Each structure stands twice: as C-alpha cells, then as structure tokens.
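J.: structure of the sequence below:
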Amino acid sequence: MAMVVAAAVFLRWLPHHGWFVGTLVGGAIIAALAIYLTQKRRFHKAVRGINQDTMPPNIRSMAAVAASVVILAVLGIYTVLFLPVQP
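T.: Numbering: from 1, shown residues only. All right, here's what the predicted structure looks like:
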C-alpha cells in the first residue's frame, strides 16, 4: 500500500517535472504489484515455519523491497534537485 501511495505522490510531481516522473510512478506500481503477487507464497511459507517452530528470515524478499525503496528514493531526490521545474 505504501508503494501505491508513493506512486500517487509522484503523480503530483508530473506537471512540475515532466515525463521523467512517469518512470517513478511506473517503478512504484511495479514494486507494489511484485509485493502483492508474491504475498500468498510468503504467507504460506510463514505459516509452515510457525507450525514447524522454525522460521528462517526471507532475506531475498526483504532485500528486493529495500532495494526498490532506495532506488525510488534516489530517483525522487534526483527529480527534485536536478530536473528543471516546468512553468
């Protein structure tokens, strides 16, 4: 849900910073969709881990989400600081 909210915030930048903001919106929507589509598999893995009293951390999923947040943040900062504001 947070990625969808971030995409909505990026949409507000579209009139001011132009077409590049579309890449931010697209990236946030793709990240949100990836999280949503893998949610069921991660849920069932967690249930099995709770039932077996062993629940290893899902490092790959957490690293992917963290990387997407960092990339979107860097691109957002680049947009605000370096792209010209359109009148």
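
J.: for Pro56, phi and psi?
T.: Per-residue torsions, Pro56: phi -70, psi 150 (degrees, to the nearest 10).

J.: buried residues in the top helix by length along the chain?
T.: When the chain is parsed with DSSP state H, its longest helix is helix 59-82. Across helix 59-82, burial judged by 16 or more other CB atoms under 10 Å covers Ser61, Val65, Ser68, Leu72, Leu75, Gly76, Thr79. To be clear about C-beta, it is placed using only N, CA and C from the backbone, and glycine gets the same treatment.

J.: please apply the same query to stretch 16-28.
T.: Of all the residues in stretch 16-28, those buried under the rule 16+ other CB under 10 Å are His17, Val21, Leu24, Val25, Gly27, Ala28.

J.: contacting residues for the third one?
T.: Taking CB atoms under 8 Å, 6 or more residues apart in numbering as the contact definition, Leu24 lies against Ala7, Phe10, Trp13, Leu72, Leu75, Gly76, Thr79.

J.: what's the helix or strand for it?
T.: Element membership for Leu24 (DSSP states H and E) is helix 21-37.

J.: got the CA positions of the helix or strand just after that helix in PDB?
T.: Next helix or strand after helix 21-37 toward the C-terminus (DSSP H and E): helix 39-51. C-alpha atoms of helix 39-51 as PDB (Å, rounded to 0.1, in the frame of the first residue of the first chain):
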ATOM      1  CA  GLN A  39       2.300 -12.200  -0.900                       C
ATOM      2  CA  LYS A  40       0.500 -15.600  -0.900                       C
ATOM      3  CA  ARG A  41       3.700 -17.600  -1.300                       C
ATOM      4  CA  ARG A  42       5.400 -15.700   1.600                       C
ATOM      5  CA  PHE A  43       2.300 -16.100   3.800                       C
ATOM      6  CA  HIS A  44       2.200 -19.900   3.300                       C
ATOM      7  CA  LYS A  45       5.900 -20.200   3.900                       C
ATOM      8  CA  ALA A  46       5.500 -18.200   7.200                       C
ATOM      9  CA  VAL A  47       2.600 -20.500   8.300                       C
ATOM     10  CA  ARG A  48       4.700 -23.600   7.600                       C
ATOM     11  CA  GLY A  49       7.600 -22.000   9.600                       C
ATOM     12  CA  ILE A  50       5.300 -21.200  12.600                       C
ATOM     13  CA  ASN A  51       3.900 -24.800  12.500                       C
END
